[in-house]
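Q: Okay, here's the prediction I keep looking at, along with the sequence it came from:
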Amino acid sequence: MADETKQEAAPAAAAAAAEEKPAPAAEETAVAAVEEKAVEAVEEKAAEADSEEEKKAEEALEAAAGDEAAVIDAAGSFKEESNLVSDLPDPERTALAQLKELVAAALANGEFDLPPPPPPKEEPAKEEAAPAKDEATKEEAAPAKDEATKEEAAPVKDEEPKAETAAAEEPAKEEAKLAAEEPKAEAPAEAPAEEVRAEAPAPEEPKAEEAAPAKEPKAEEPAKEEPKAEEPAKEEEEPKAEAASEEPAKPSEPEEKTVVVAEEEGTKAVEAIEETVVPAASEPAAATAEAEAPAAEPKEELIWGVPLVGDDERTDTVLLKFLRAREFKVKEAMAMLKSAVLWRKRFGIDELLGADLGLPELEKVVFYRGADREGHPVCYNVYGEFQDKELYEKAFGDEEKRERFLKWRIQLLERGIREQLDFSPSGICSMVQVTDLKNSPPMLGKHRAVTRQALALLQDNYPEFVAKKVFINVPWWYLAANKVMSPFLTQRTKSKIVFCSPGKSAETLFRFIAPEQVPVQFGGLYKEDDTEFSTSDAVTELTVKPSSKETVEIPATENSTVVWELRVLGWEVSYGAEFTPDAEGGYTVIVQKTRKVPAHEEPIMKGSFKVNEPGKVLLTVNNPASKKKKLLYRFKVKSTAESA
């Protein structure tokens, strides 16, 4: 008993975690608590299991089955809210309008965009290396630069008076000499220029004449720290410096020259001179460009193919999902929406939709099949398939495989949302989840982490996508844990989640999903390769009482063929078929001799009979057991031409 209990522990944890979708925040926490308590309960039971507890387990199973009926009855009361704005109460309508305003403002501010990548880490190293390089070449370059400056400063400075004052050539030359000498005495004033040079790498100078003045401050600026290194240069320049000092110099002009020299650090000499005039004219243009930028329309942001702003009526449906998930608290709903959009971009949802993850074997683990009685698509989760060790290892064998499984699961959900759901106000925008816990894998380690990760992602990024969550073939200990936790769940959560024991799984599904839509493996009549019947052929349900007989009568016309299929859940009944003509004195034809059908028999009985005269086909089911049985059947009467 202990081994069996351990083997059933993982199914619940895996199924509940991987497929649960978010309700409001409090409900998500409560549902997760149910799953955790369930795992804890089974571990305790496994440790204490013995022969005496085995009997108690059987009694608990019967009691849980009785309790389950009440759970199902209570769950049937949930009705989805309308997505039509006109049907919303005033507070909810106001909250929707406020959320729309917040979304529009966030889009305009770029809050739905991923932050830019961090700058490369190499830049600080380059900035530190630049001053070191300057100091290394300072002493060697200083004398050569001074001589080059004397020869070339005059033509460069000639262009500056033309741009500013159009002065005579002779004063310009004298002022250029002063400009070449003065930076040595005013090196501290050029410290900001050195900082600019360190932050922005200097471009390559195409001309040798321009390179010398551009490098001059590099040798002169450190003069404050090492004045002795520049003394020889100053002695050579002393005669010219004295001659220049005899002429009166305007105090403001040398400052302008210093600015020009600093600008030559980052640009060509001619461009630097033009910059002293152009910036004043370019500032209004820059201001105009900044003023026009907010006026541009923000980039359209889509989620599940639906725009977040605009006149698309589907937008209201999507925004209402986030509002309902946060109980119409606008700021919390906005935070959830923004987080979901950014996560989708980081996770690469758009690229993931078309990706081939190479896991075709998992199509029998999670799949969409049919719809419930209200039109919601149904997603089945069959974790018993992981009994195949090879499949289990392929899905969860290592970290890379678990990451691929998570992507596959998100991909399947995204495709289902886009292909199966309709976000129009009157459309179906949620689904039914059916999780089969029968024979789920007993190993908790390898898949437990990824299922918890999936649970967190689904809770945070897929609000209000589950109309009903049905757990079938649930072991008794899980039902017991649910009964303990039920008082802590909100009515909304309890109305969405249904647990049922193995003996009531099929009947529970039929409450929400028609038998013709339910796959054969779960008690229904749906088969992919069925050539006679489809989901459009309705199934009739009957209850065969204990120790009683039920007869199905199928009228038949002349020259026709009657085709039928029949199923009794759990069988252990007697079944037979015969044809009785309408004409008096006609002979009854035995189509199927009455025989007892065991529980392990083929789940569906098929039959056909070619009719040559009017009459009826009678299908008889005799239930000798003390429990009632569920009988499902459907038939067709085809003309001979159709059957041919």
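A: That came through, no problem. Every value quoted in this text rests on a predicted model; they were computed, and no experiment measured them.

Q: Do you have the strands of the stretch 251-400 of the chain handy? List them.
A: Listed in chain order, the strands found in the stretch 251-400 of the chain under DSSP state E, counting those that start in this stretch are 302-303, 306-307, 366-371, 377-382.

Q: Just put those in CSV and tack on mean pLDDT and mean neighbour count.
A: Just so you know, the C-beta spots here come from the backbone N, C-alpha and C atoms, and that holds for glycine as well. Shown next, in CSV, are these (pLDDT from 0 to 100; neighbours: other C-beta atoms under 10 Å):
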stretch, mean pLDDT, mean neighbour count
strand 302-303, 95, 16
strand 306-307, 96, 17
strand 366-371, 96, 18
strand 377-382, 96, 21
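
Q: Give the partner strands of the longest strand along the chain in its sheet and their orientations.
A: Residue-count comparison of every strand in the chain, with assignments taken from DSSP state E, identifies strand 629-639 as the longest. Paired with strand 629-639 in the same sheet, following DSSP bridges, are strand 540-544 (antiparallel), strand 560-568 (antiparallel).

Q: residues contacting residue 98?
A: For residue 98, the residues meeting the contact criterion (C-beta atoms under 8 Å, 6 or more residues apart in numbering) are residue 330.

Q: Three-state assignment for residue 620, please.
A: strand (DSSP: H, G, I helix; E, B strand; the rest coil).

Q: Run through the bridge partners of it.
A: Residues found in beta-bridge contact with residue 620 (criterion: DSSP bridges) are residue 551, residue 576.

Q: my guess is it meets residue 577, correct?
A: Yes. Between residue 620 and residue 577 a contact is recorded at 7.3 Å, counting by C-beta atoms under 8 Å.

Q: Pick out whichever of these two has more residues nearby.
A: The residue with more neighbours, out of residue 620 and residue 577, is residue 577; 22 against 16, by other C-beta atoms under 10 Å.

Q: Any figure for the gap between that one and residue 313?
A: For residue 577, the distance to residue 313 under the criterion C-beta to C-beta, to the nearest Å works out to 53 Å.

Q: do residue 622 as well
A: In this structure, residue 622 lies at 56 Å from residue 313, with C-beta to C-beta as the measure.

Q: Please apply the same query to residue 507.
A: Relative to residue 313, residue 507 is positioned 39 Å away (C-beta to C-beta).

Q: So for stretch 458-474, what gets flagged as buried?
A: 458-459, 461-474 (16 or more other C-beta atoms under 10 Å).

Q: same thing with stretch 390-403?
A: Counting neighbours by 16+ other C-beta under 10 Å, stretch 390-403 gives 391, 392, 394, 395, 396, 401, 402 as buried.

Q: And stretch 528-548, by the same measure?
A: Using 16+ other C-beta under 10 Å as the burial criterion, the residues of stretch 528-548 that qualify are 533, 535, 539, 544.

Q: hmm, back to that, filter the buried residues of stretch 458-474 down to just the ones in helices.
A: 458, 459, 461 (DSSP state H).

Q: that older thread, between the strands paired with strand 629-639, which one is closest to residue 582.
A: For residue 582, the closest of the strands paired with strand 629-639 is strand 560-568, at 13.1 Å, according to C-beta to C-beta.

Q: If I follow the layout properly, residue 355 ends up in contact with residue 411?
A: Yes. Applying C-beta under 8 Å, one finds residue 355 in contact with residue 411, separated by 6.8 Å.

Q: who has more neighbours, those two?
A: Neighbours around residue 355 and residue 411, counted as other C-beta under 10 Å, are more numerous at residue 411. The numbers are 18 against 11.

Q: Can you classify the more buried one as helix, strand or coil?
A: helix.

Q: burial measure for the spatially closest residue to it that is not a sequence neighbour, as a count.
A: If the residues on either side of it in the chain are set aside, residue 411 comes closest to residue 352, at 5.2 Å by C-beta to C-beta, 6 or more residues apart in numbering. Neighbouring residues of residue 352 were enumerated by other C-beta under 10 Å; the total is 16.

Q: Quick one, grab the pLDDT at residue 352.
A: In this prediction, residue 352 carries a pLDDT score of 96.

Q: before we move on, what about residue 128?
A: For residue 128, the model assigns a pLDDT of 48.

Q: and what of the one 3 residues further on?
A: Reading off the confidence values, residue 131 has pLDDT 44.

Q: Same check on residue 359?
A: With respect to pLDDT, residue 359 has a value of 89.

Q: Might you report the residue contacts of residue 507?
A: If you count contacts by C-beta under 8 Å, 6+ apart, residue 507 has them with 500, 523, 569, 630.

Q: any chance of these in TSV, plus pLDDT, neighbour count and secondary structure?
A: Rendered in TSV, the data for the contacts of residue 507 read as follows (pLDDT from 0 to 100; neighbours: other C-beta atoms under 10 Å; DSSP: H, G, I helix; E, B strand; the rest coil):
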residue	pLDDT	neighbour count	secondary structure
500	91	24	coil
523	94	21	coil
569	93	19	coil
630	94	17	strand
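
Q: between the residues you listed, which is closest to residue 343?
A: Taking C-beta to C-beta as the measure, residue 343 lies nearest residue 500 of the contacts of residue 507, at 33.8 Å.

Q: That closest one and residue 403, how far apart?
A: The value you get for residue 500 to residue 403, if C-beta to C-beta is used, is 33 Å.

Q: which one is residue 522 nearest to, not counting chain neighbours?
A: For residue 522, ignoring the flanking residues on the chain, the nearest one in space by C-beta to C-beta, 6+ apart is residue 509 at 6.0 Å.

Q: can you tell me which of the buried residues of stretch 458-474 are in strands?
A: Among the buried residues of stretch 458-474, DSSP E puts 466, 467, 468, 469, 470, 471, 472 in strands.

Q: Surely the third one and residue 498 touch.
A: In other words, residue 468. Yes. At 6.8 Å, residue 468 and residue 498 qualify as touching, with contact defined as C-beta under 8 Å.

Q: thinking again about what came up before, could you verify my assumption that the residue nearest to residue 411 touches residue 407?
A: Yes. With contacts defined as C-beta under 8 Å, residue 352 counts as touching residue 407 at a distance of 6.1 Å.

Q: follow-up on the earlier one: of the ones in strands among the buried residues of stretch 458-474, which is the nearest to residue 447?
A: residue 471 (17.3 Å).

Q: Tell me where the model's unsure across the stretch 301-450 of the chain.
A: Counting by pLDDT under 70, the stretch 301-450 of the chain has low-confidence residues at 441-445.

Q: May I have the residues that are in contact with the residue nearest to residue 314 when sequence neighbours are not counted?
A: Across the structure, with C-beta to C-beta, 6+ apart as the measure, the residue nearest residue 314 apart from its sequence neighbours is residue 423 (3.8 Å). Under the criterion of C-beta under 8 Å, 6+ apart, the contact partners of residue 423 comprise 304, 306, 314, 317, 318, 429.

Q: Which ChimeraX command selects the buried ones in the residues you listed?
A: Command for ChimeraX, covering only those of the contacts of residue 423 found buried under the criterion 16+ other C-beta under 10 Å:
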select :304,306,314,317,318,429
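
Q: Go through the contacts of residue 423 and flag which are in helices.
A: The helices, defined by DSSP H, take in 314, 317, 318 from those.

Q: With adjacent residues omitted, what lies nearest to the last one?
A: Looking back up the chat, that one is residue 318. The spatial neighbour of residue 318 that comes closest, neighbours along the chain excluded (C-beta to C-beta, 6+ apart), is residue 306 at 5.0 Å.

Q: Surely the one you found and residue 316 touch.
A: No. Residue 306 is not in contact with residue 316 according to C-beta under 8 Å; the separation is 9.7 Å.

Q: Mind giving me the packing neighbours of the host helix or strand of residue 553?
A: Under DSSP states H and E, the secondary-structure element containing residue 553 is strand 548-556. Secondary-structure packing of strand 548-556 (3 or more C-beta pairs under 8 Å, 6 or more residues apart in numbering; DSSP states H and E): strand 540-544, strand 560-568, strand 615-623, strand 629-639.

Q: what angle sits between the first one and strand 615-623?
A: With axes from the mean of the first three to the mean of the last three C-alpha atoms, to 10 degrees applied, the angle from strand 540-544 to strand 615-623 works out at 50 degrees.
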